[in-house]
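Q: Pasted the sequence and its predicted model underneath.
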Amino acid sequence: MAEAILEVRDLKTHFYTPDGVIKAVDGVSLSVRRGTVLGIVGESGCGKSITAMSILNLIPQPPGKIVSGNVFFEGRDLLGLKESEIRHIRGAKIGMIFQEPMTALNPVFTIGEQIAEALRVHKGMGRGGAMNRAAELLDLVNIPSAKERIKDYPHQLSGGMRQRAMIAMAISCTPSLVIADEPTTALDVTVQAQVLELLDELMTKMGMSMILITHDFGVIAEAADDVAVMYAGRIVEYTNTETLFKSPLHPYTKGLLDSIPRFDGKKKQRLKAIPGVVPRLLNLPEGCKFLSRCRIAVDQCKREEPLLKDICKGHFVRCWVRERDYAGRN
């Protein structure tokens, strides 16, 4: 097993609103092995992006606050660093690919200027050298006529090219870890495949690790080595990708996988759906947070919230029923 480049321990991030406290991330623990991809998957609003923003201490305060937890990156707890110290890590050692490049990129600066800024701040390069390197990075992410494209503004690029420019910016300082927040969401299927292939090539070439945030299990199957399934601010299942697809244990994970359309030439089957809706984070039920949507719940699920436990040799699940089923097997 490769050593962990990042370890998140019992991370809790809350938002304080006039209506009450929203526990957007509530006790998340995970790790990223060096040279691998950790996928974080779940429905919109489950806490995936807030987890990523918390790792880099980018939560707006107020209304947000990282209440407790640790984020160890290469042995240092990022949450214990001063703002001036963590600035030397953001962009330089941990790159970020934001969800929507059209809003993440500054519309009044050229693509080249935005990539060069990180090089000038973190690498101490002059403007000319930084711009030349920006062109090299655009070429590296397969943007044609890179020397001309560095003069373009974000609105002059297509969606796929903007995403590639975001990737170039994220890897500009050769970080050890890249956090990719829904990097393929707004792209068509062909471009999605190209972006995933590009990220895989860059990881191999530059020796990076990655956190890949998505709601798409197809992307997880294609790119991730390990996967954490999130629901209502918590991780409900955590294991390697192969095990998750072969033997999903949590009813939420199984429901997500069963809801994927299948085209295997067999007779038509009704598309399965998970009943109910995600509970409001302002009014979470007692016990298991998936209770109202679960088909296998028992009385204990109503009274007590299950813990995330290793019930099957590296397969972590937050479920009383599965914990009982696998008791004594390890």
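A: Yep, it's here. Everything numeric here is computed off the predicted structure, so don't read it as measured data. Numbering: from 1, shown residues only.
Q: alpha carbons only for contacts and neighbour counts from here, please
A: Noted.
Q: list the buried ones in stretch 72-89?
A: 72, 73, 77, 78, 79, 86, 87, 89 (16 or more other CA atoms under 10 Å).
Q: Among the residues you listed, which pair sits farthest apart?
A: Maximum pairwise distance in the buried residues of stretch 72-89, criterion CA to CA, is 15.7 Å, between 72 and 87.
Q: now, which of the buried residues of stretch 72-89 lie within strands?
A: The strands, defined by DSSP state E, take in 72, 73, 77 from the buried residues of stretch 72-89.
Q: right, and the second one touches residue 6 too?
A: Yes. With contact defined as CA atoms under 8 Å, residue 73 and residue 6 form a contacting pair (4.6 Å).
Q: Can you name the next helix or strand after the helix or strand of the chain with the lowest mean pLDDT?
A: When each helix and strand of the chain is scored by mean pLDDT, DSSP states H and E, helix 101-104 comes last, with a mean of 76. Counting by DSSP states H and E, the next helix or strand C-terminal to helix 101-104 is helix 111-123.
Q: helices or strands next to the helix or strand following that next one in the packing?
A: The element immediately downstream of helix 111-123 (helix or strand, assigned by DSSP H and E) is helix 127-140. Applying 3 or more CA pairs under 8 Å, 6 or more residues apart in numbering; DSSP states H and E, one finds that helix 127-140 makes contact with helix 111-123, helix 146-149, helix 159-170.
Q: Most tightly packed of the ones you listed?
A: Most buried of the helices and strands packed on helix 127-140 by mean neighbour count (mean count of other CA atoms under 10 Å) is helix 159-170; its value is a mean of 25.
Q: what's the angle between the very next helix or strand once past that one and helix 159-170?
A: Following helix 159-170 in sequence order, the next helix or strand is strand 177-181 (DSSP H and E). Calculated by axes from the mean of the first three to the mean of the last three CA atoms, to 10 degrees, strand 177-181 forms an angle of 150 degrees with helix 159-170.
Q: Using PDB, write down the CA coordinates of strand 177-181.
A: Only the C-alpha atoms of strand 177-181 are listed here, as PDB (Å, rounded to 0.1, in the frame of the first residue of the first chain):
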ATOM      1  CA  LEU A 177      -2.000  16.800  -5.100                       C
ATOM      2  CA  VAL A 178      -4.800  18.100  -7.400                       C
ATOM      3  CA  ILE A 179      -8.400  18.400  -6.300                       C
ATOM      4  CA  ALA A 180     -10.800  18.200  -9.300                       C
ATOM      5  CA  ASP A 181     -14.300  19.400  -8.400                       C
END
